[in-house]
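K.L.:
build me a model from this:
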Amino acid sequence: MNLKPEILNWFAVYTLPRAEKKLHAALVKNGIIAYLPLLKTLKQWSDRKKWVEEPLFKSYLFVCISEKEHFAVLNTPGAVRFVTFEGKAVPVPEKQIEAIRYYLMESPPTEVTEVSKLHPGTEVEVVRGPLQGLTGLLVELKGQRKVRIQIDALGQFLHLTIPIDDLTFK
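P.N.:
Numbering: from 1, shown residues only. Below is the predicted model of the structure:
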């Protein structure tokens, strides 16, 4: 008997408003690989301040599933639909998932000897580190050691601050 291995791809799932954490917990409970990027932010109320974790992308989370698991994800309470193109769920490249993870971990800067004549709008490619192979646009210079670039993910732009030594400029 010739069994094909299941191919797993990352997909973005659109959720009900403010249901990202509940959907993530339900998917994990059902044995589905799910990733909900959370950003720690300081919230101000009238009587106190508190650190809370909020989704990086409101109303979105990611699942790593095979084709046969699509229905199981959509039948989970809180899931609305997959992000699609021409009616078909679009896989999210693994590199974009890694870019999001890297962004949330934000590594310390590396030393750089000089900054060449760069300007916003320059196309760059990450040549070192966990984001290797990603391309984006230079948004701003951050001192002598880092630059901020934008990378397209889910049709939204994710701004990352990356050591300048990890980039090549086109």
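
K.L.:
could you measure from residue 26 over to residue 57?
P.N.:
As judged by CB to CB, to the nearest Å, residue 26 and residue 57 stand 18 Å apart. No exception for glycine: its C-beta is placed from N, CA and C like everyone else's.

K.L.:
how about low-confidence regions in the protein?
P.N.:
Scanning the chain for pLDDT under 70 picks out 1-4, 106-118, 130, 142-148, 150-159, 170.

K.L.:
closest to the centroid, which residue in it?
P.N.:
Centroid-nearest residue in the chain: residue 100, 3.2 Å away (criterion: CA atoms, centre = their mean).

K.L.:
if we ignore the residues flanking it in sequence, what's nearest that residue?
P.N.:
residue 37 (5.0 Å; CB to CB, 6 or more residues apart in numbering).

K.L.:
for residue 51, list the residues it contacts.
P.N.:
Contact partners of residue 51, counting by CB atoms under 8 Å, 6 or more residues apart in numbering, are 40, 41, 42, 43.

K.L.:
got the domain boundaries for the chain?
P.N.:
Split into domains by automatic domain parsing, the chain comes to 9-92, 123-169.

K.L.:
and the end-to-end length of the last one?
P.N.:
Its first and final residues considered, domain 123-169 spans 6 Å by CA to CA, to the nearest Å.

K.L.:
by contact count, what packs against the longest helix seen in the chain?
P.N.:
Counting by DSSP state H, the longest helix found in the chain is helix 94-105. On a contact count with 3 or more CB pairs under 8 Å, 6 or more residues apart in numbering; DSSP states H and E, helix 94-105 meets strand 9-15, strand 146-153, strand 156-163.
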